[in-house]
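Enquirer: Any chance you can model this:
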Amino acid sequence: MISPAFLRRSLAAACFVAALTWSAQAAEAPGPVARPTPAWIRDAVVYEVFPRHFSPDGDFKGVTARLDELKQLGVTVLWLMPVHPVGRLKAKGTIGSPYAVKDYYAVNPDYGTKEDLRQLVQAAHQRGLKVIIDIVANHTAWDSVMLGHPAYYKRDAAGQVIPPNPDWTDVAGLDYTNPDTRRYMLTMLEYWLREFQLDGFRCDVASEVPTSFWEEARVELEKIRPGFFFLAEANKPELLYRAFDADYAWPMLGALNRVLMEGAPATEIPRIWREEEQAKFPAGALHLRMSDDHDEPRAVSRFGWKAAQAASAMMFTLDGVPLLYNGMEVGDTTESGDPALFEKLTVFWQPKQRDGFRKVYQQLAELREAHPAFRTADVTWLENTSPQNLVTYLRRDTREEFVVVVNFSNRPQTGAVKVAPGASFNLVLPNQTAVEKPADLAQLSLGAFEWRIYRRALGQ
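Expert: Residues are numbered from 1 along each chain as shown. Model prediction:
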């Protein structure tokens with residue numbers, strides 16, 4: 001287990017190394033380069049909160065009450081799903097989607113008041129946590145205050161307001177060819193950043209809003225909050241050139257689903273990393289690594305308990321920024337995604353036989369915080385003798401190397417991992433003993449969905 005004292009001593013150096021690593025990689029890149037991202041974003045552990053589901057009362061105060069717990073877990077950034085009032089006209093489900101916004105300038109009265117939100121942000125900042133909120137810029141509810149101006153919206157040949165796509169019947173699409181729409185939305189973003197001292201925005205379906213709008217917003221919002229976090233719910237390379245700091249690693253999530261749910265070979269993981277992320281995105285591009293969020297059925301339901309933790313071990317140790325969705329840390333299996341998105345389904349915080357989940361996530365967050373090697377863009381995929389089942393890769397910086405081994409099979413596996421000669425590796429996680437013993441990576445034996453992380457120091 002890594003000591004808290006070591007974590008504190010490492011933090012300043014870690015941020016510095018992360019910034020230097022990005023600069024060096026960008027300087028050496030032969031092609032397009034992603035916009036520079038502050039170290040605190042590249043080093044982040046993001047925690048998504050659905051206020052309606054997070055506590056029995058489903059309000060801002062319920063989130064504020066558990067900030068110390070989230071801090072201890074290793075979270076650094078809170079992402080609040082939409083905080084605005086939910087529209088009722090054409091709403092889906094009993095309550096409606098939080099992504100059907102009725103008034104961008106108001107807060108959902110079920111969550112509390114604007115002052116309650118301010119207190120949540122202030123309390124988070126006092127603990128060193130950043131706060132971003134969800135912004136739904138592509139569409140509104142059908143009873144939105146904006147519909148007093150139909151010209152703000154997409155319309156058919158008869159002049160009738162239409163949804164952004166036929167399946168999204170509970171929302172109306174905004175028209176960004178109208179300069180007045182763009183002005184309204186930019187002014188609104190400025191309001192939230194200025195008035196609530198937020199640290200940024202997660203932008204819903206960002207790829208469906210013109211990139212030029214986001215680039216304009218980046219320039220103007222930087223004047224209010226320099227170095228804020230712009231997270232795109234998208235997988236669109238051009239968004240990372242000048243607008244966003246990070247996007248969604250959806251291709252990798254798809255690969256995980258294929259491997260763990262459909263029996264695809266584990267070779268899908270490095271293939272997607274090379275072909276979808278490295279080949280198509282600008283150098284230095286940052287992706288949100290997730291196995292669970294509000295759009296998916298819970299990972300423990302899709303994959304099973306052990307496999308869900310194996311997926312998380314990879315998400316925390318690959319390049320990019322890991323995401324935790326509220327309840328993951330206790331193995332919550334409460335329904336998520338459509339149609340649960342439209343109901344009140346509180347996270348069950350004391351599930352049976354999952355006492356060890358929180359410790360695993362805390363250890364992964366501690367490992368990531370203490371060792372800059374996990375926060376660089378440098379990933380080396382290692383050969384192993386069971387590539388259909390084992391994923392093996394190396395993370396390194398100037399001081400140390402880590403080998404990550406994940407068995408994505410539901411059966412025990414043996415194998416060997418090919419690593420460069422040098423000092424022996426020692427098991428770091430999960431480590432059941434206080435005595436470090438050199439690991440033989442040429443004779444590995446892992447149980448079903450077992451994962452391990454090994455470390456060795458490099459010569460100075």
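Enquirer: mind listing the strands for the stretch 101-250 of the chain?
Expert: 130-135, 139-141, 171-173, 200-203, 229-232, 247-248 (DSSP state E, counting those that start in this stretch).
Enquirer: Pull out the buried residues from the first one.
Expert: Residues of strand 130-135 classed as buried by neighbour count (16 or more other Cβ atoms under 10 Å): 130-135. Placement of C-beta: from N, CA and C, glycine included.
Enquirer: So for the most centrally placed residue in the chain, what's the nearest residue that isn't a sequence neighbour?
Expert: Among the residues of the chain, residue 323 comes closest to the average C-alpha position under Cα atoms, centre = their mean, at 3.3 Å. Take residue 323 and drop its neighbours on the chain: the residue closest to it by Cβ to Cβ, 6 or more residues apart in numbering is residue 290, 4.0 Å away.
Enquirer: Run a quick neighbour tally on the one you found.
Expert: Neighbourhood size, residue 290 [other Cβ atoms under 10 Å]: 27.
Enquirer: pLDDT weak spots in this structure?
Expert: Confidence mapping of the chain against pLDDT under 70 gives the ranges 1-30, 432-436, 460.
Enquirer: what domains does the record give for it?
Expert: Domain segmentation of the chain under automatic domain parsing yields 4-378, 390-457.
Enquirer: ok now the longest one, how far from the chain's centre?
Expert: When C-alpha coordinates are averaged (Cα atoms, centre = their mean, to the nearest Å), domain 4-378 and its chain have centres 6 Å apart.
Enquirer: thinking again about what came up before, closest to residue 181 out of the buried residues of strand 130-135?
Expert: Among these, residue 135 lies closest to residue 181 (Cβ to Cβ), at 14.3 Å.
Enquirer: didn't that closest one look like it was pressed against residue 206?
Expert: No - with contacts counted by Cβ atoms under 8 Å, residue 135 stays clear of residue 206, the gap being 9.1 Å.
Enquirer: Buried residues in stretch 162-181, which are they?
Expert: Residues 163-164, 168, 170-176, 181 are the ones in stretch 162-181 that count as buried (16+ other Cβ under 10 Å).
Enquirer: would a markdown table of those residues with distance to residue 336 be doable?
Expert: Formatted as a markdown table, these follow (distance: Cβ to Cβ, whole Å):
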| residue | distance to residue 336 |
| --- | --- |
| 163 | 23 |
| 164 | 23 |
| 168 | 19 |
| 170 | 18 |
| 171 | 20 |
| 172 | 25 |
| 173 | 25 |
| 174 | 27 |
| 175 | 31 |
| 176 | 30 |
| 181 | 32 |
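Enquirer: How many residues are close by residue 103?
Expert: Residue 103: 16 neighbours (other Cβ under 10 Å).
Enquirer: Kindly report the same for residue 212.
Expert: With other Cβ under 10 Å as criterion, residue 212 counts 12.
Enquirer: Would you quantify the distance from it to residue 176?
Expert: 8 Å (Cβ to Cβ, to the nearest Å).
Enquirer: ok, now residue 111?
Expert: Remark: distance between residue 111 and residue 176 (Cβ to Cβ) = 28 Å.
Enquirer: Also residue 245?
Expert: Taken as Cβ to Cβ, the span from residue 245 to residue 176 is 21 Å.
Enquirer: quick one: contacts for the residue nearest to residue 323?
Expert: Taking Cβ atoms under 8 Å, 6 or more residues apart in numbering, we find residue 290 in contact with 248-249, 253, 315, 322-323, 325.
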